[in-house]
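>>> A predicted structure for the sequence below; I have some questions about it.
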Amino acid sequence: TSRRSPFAVLGVVLLIILLLALIAAGILFANGRLPFFGATATPTVAATATPDPTPTAPISLTTFTDADHVFRVGYPSSWLVATRNVSGTEQRLVLFTNSSAAATFEIGTLSTTDVLPAQIDDQALSLLGEKTGIANPSGPTPVFFAGENWTQKSGDVTLLVKNQQMAMHAKVLAIIHGNHTVFILTLAPVNTFPAIDPFFELMQQSFEFL
């Protein structure tokens, strides 16, 4: 077996810690404001807190292409998009958020292939559930999209958001593609995750490598 670089694992940790810091700062609930880093918001009607789980009308997706041209993905035009680079590394993070639903669709890219996708999933869930543990764990499960097989794990975690404990359902998918490791993390409150998941699925199915 090949040796796994501790620096590659550190890159994953830094990306997840960054996400946790943003959640703790209340960015998911910022109602259109995303301080601390560059962000854009489309001035449209805000997404509802409980979106229809089976939309009857087509949802307009806006295309996002990452700066390194590793991938592109569609996201609902009323969601916020923000990007961040981990200082001193080649790790990238992009977050798509529905602030009123407290939901986020995160894509992280790491310029390394030294960490197995299942380890990425484990590391993400472990960090999210570091203080309260992981309830209802599931996976690893193979999931096929964007022309490749991803590794998926999921579970329920409790996060401190704006000084309140909130039960959140997290789903992580990871894959090695070319010279990059890519992971997708979806996160939303446990009780409303089924309603927001169709939007996550639309975004996931729109994802493609460049």
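Sure thing, it's come through. Numbering: from 1, shown residues only.
>>> which parts of the chain are helices?
Using DSSP state H, the helices of the chain run over residues 6-24, 117-128, 193-206.
>>> mean pLDDT lowest for which of these?
Across these, the stretch with the lowest average pLDDT is helix 6-24; it has a mean of 57.
>>> show me what contacts M168?
128, 156-159, 187-190 (Cβ atoms under 8 Å, 6 or more residues apart in numbering). Using the backbone N, CA and C atoms, a C-beta is placed for each residue, glycine as well.
>>> and the lowest mean pLDDT element among the helices and strands of this structure?
Taking mean pLDDT, DSSP states H and E as the measure, the chain has strand 39-41 as its least confident helix or strand, at a mean of 34.
>>> measure stretch 178-195 end to end?
34 Å (Cα to Cα, to the nearest Å).
>>> how about that stretch, which residues are buried there?
Residues of stretch 178-195 classed as buried by neighbour count (16 or more other Cβ atoms under 10 Å): 180-190, 192-193, 195.
>>> what about this protein, any weak spots by pLDDT?
Counting by pLDDT under 70, the chain contains low-confidence residues at 1-58, 86-90, 161-163.
>>> give me the distance between T104 and F199.
Counting by Cβ to Cβ, to the nearest Å, the separation of T104 from F199 is 11 Å.
>>> before we move on, what about A146?
With distances defined as Cβ to Cβ, the gap from A146 to F199 amounts to 18 Å.
>>> of these two, who's got more company?
Under the neighbour definition other Cβ atoms under 10 Å, A146 and F199 were set side by side, and F199 has more, 26 against 19.
>>> residue contacts, that one?
Under the criterion of Cβ under 8 Å, 6+ apart, the neighbours of F199 are 51, 59, 76, 98, 103.
>>> count of residues packed around the third one?
The reference is to P76. As a burial measure, the neighbour count of P76 was computed by other Cβ under 10 Å and equals 20.
>>> quick one: it from F200, how far?
With distances defined as Cβ to Cβ, the gap from P76 to F200 amounts to 10 Å.
>>> follow-up on the earlier one: how about the contacts of F199 in JSON lines, adding distance to Q119?
Supplementary listing: the contacts of F199 in JSON lines, determined by distance: Cβ to Cβ, whole Å:
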{"residue": "P51", "distance to Q119": "33"}
{"residue": "I59", "distance to Q119": "33"}
{"residue": "P76", "distance to Q119": "31"}
{"residue": "N98", "distance to Q119": "29"}
{"residue": "A103", "distance to Q119": "26"}
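>>> farthest pair within the residues you listed?
Across the contacts of F199, no pair lies farther apart than I59 and A103, at 14.2 Å, counting by Cβ to Cβ.
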